[in-house]
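J.: Attaching a predicted model along with its sequence, questions to come.
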Amino acid sequence: MPEHERELGRAQREHWQQTYGEHLSMYGEEPSAPAVHAAASFRAAGAREVLELGAGHGRDTLYFAREGFAVLAADFSPVGLEQLRTAAVAQGTAQRVSTAVHDVRDPLPFADDSVDAVFAHMLLCMALSTKEIHALVAEVRRVLRPGGTFVYTVRHTGDAHYRAGTGHGDDIWEHGGFAVHFFPRDLVGSLAEGWNLDGVHPFEEGGLPRRLWRITQALPR
């Protein structure tokens, strides 16, 4: 990995640690709209176990748990995951939630064919290179069981912050301390090769608003 990518990754981990520490439950307690969609998709596919990547403080993890799924929440921020575990105890869902501190630049620490479904809300569009994104989706494919569903969301090149702030190359732009990899449509297509692509749904979130795609794809059975 080039040194500038390592430096950006370290800086982003520190920034998220500080952000979660200063802003308790910064995204609120209600689930995101993509998580609500994902829960319905996972249930329709017969999933019982969900791996959430980039879980943060856990608003979506806790929703999946309340919906009856067993959830493994992974994030590179111990601060965010500690908030998640505290909330799970308070909500009575701790028995259905487990956590793992993990940076998705590294291989996923889970066995082949070990989970029914994977969810990642705005995780793939963090400060990851295109090469790292492809490697991560390959890891998702490895840990999913045949027929497993992957729902992820990304900010795209139609977003207002695209080309705003500090450019790091590879469509990565940093604004307000947060580095984002803005997806072109052909990247979504290349990540779906070998999968059954069920849909690319445009939506908006937040006050800017952020412009995103919600992608649902499944492995062949």
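T.: That came through fine. Numbering: from 1, shown residues only.
J.: What are the buried residues along stretch 173-189?
T.: Residues of stretch 173-189 classed as buried: Trp173, Glu174, Ala179, Val180, His181, Phe182, Phe183, Leu187, Val188 (neighbour count, 16 or more other Cβ atoms under 10 Å). Where C-beta positions appear, they are placed from N, C-alpha and C, glycine not excepted.
J.: distance between the ends of that stretch?
T.: Stretch 173-189 has its terminal residues 22 Å apart, counting by Cα to Cα, to the nearest Å.
J.: any chance you could map the helices in this protein?
T.: 3-22, 33-44, 59-66, 78-91, 130-143, 185-191 (DSSP state H).
J.: I'd like to know how far the spatially most central residue of the chain sits from Phe42.
T.: Geometric centre of the chain, nearest residue: Ala120, 2.4 Å, by Cα atoms, centre = their mean. Noted for Ala120: a distance of 13 Å to Phe42, by Cβ to Cβ, to the nearest Å.
J.: got it, and His134?
T.: 24 Å.
J.: Filter the buried residues of stretch 173-189 down to the ones in strands?
T.: Trp173, Glu174, Ala179, Val180, His181 (DSSP state E).
J.: Just confirm the first one contacts Phe182, I think it does.
T.: Translated: Trp173. Yes. If you go by Cβ atoms under 8 Å, Trp173 and Phe182 touch, sitting 6.6 Å apart.
J.: Now do the shared contacts for these two.
T.: His161, Tyr162 (Cβ atoms under 8 Å, 6 or more residues apart in numbering).
J.: Pick out the most distant pair among the buried residues of stretch 173-189.
T.: Glu174 and Val188 (22.1 Å; Cβ to Cβ).
J.: pLDDT below threshold where in this structure?
T.: Confidence mapping of the chain against pLDDT under 70 gives the ranges 1-6, 8-28.
J.: Scan it for its longest strand.
T.: strand 144-155.
J.: so what secondary structure elements neighbour that strand?
T.: Helices and strands touching strand 144-155, by 3 or more Cβ pairs under 8 Å, 6 or more residues apart in numbering; DSSP states H and E, are helix 33-44, strand 115-121, helix 130-143, strand 210-218.
J.: Now it: buried residues?
T.: Leu144, Arg145, Gly148, Thr149, Phe150, Val151, Tyr152, Thr153, Val154, Arg155.
J.: so what's the second one closest to, chain neighbours aside?
T.: In this case it means Arg145. Asp113 (4.8 Å; Cβ to Cβ, 6 or more residues apart in numbering).
J.: The one you found contacts Gly147, doesn't it?
T.: No. Asp113 is not in contact with Gly147 according to Cβ under 8 Å; the separation is 10.5 Å.
J.: and Ala111, what is it in contact with?
T.: By Cβ under 8 Å, 6+ apart, the residues touching Ala111 are Val143.
J.: measure it to Ala100 for me?
T.: 13 Å.
J.: how many neighbours does the residue lying closest to Pro31 once chain neighbours are set aside have?
T.: Leaving aside its sequence neighbours, Pro31 sits nearest to Tyr63 (Cβ to Cβ, 6+ apart; 3.6 Å). Using other Cβ atoms under 10 Å, Tyr63 is surrounded by 22 other residues.
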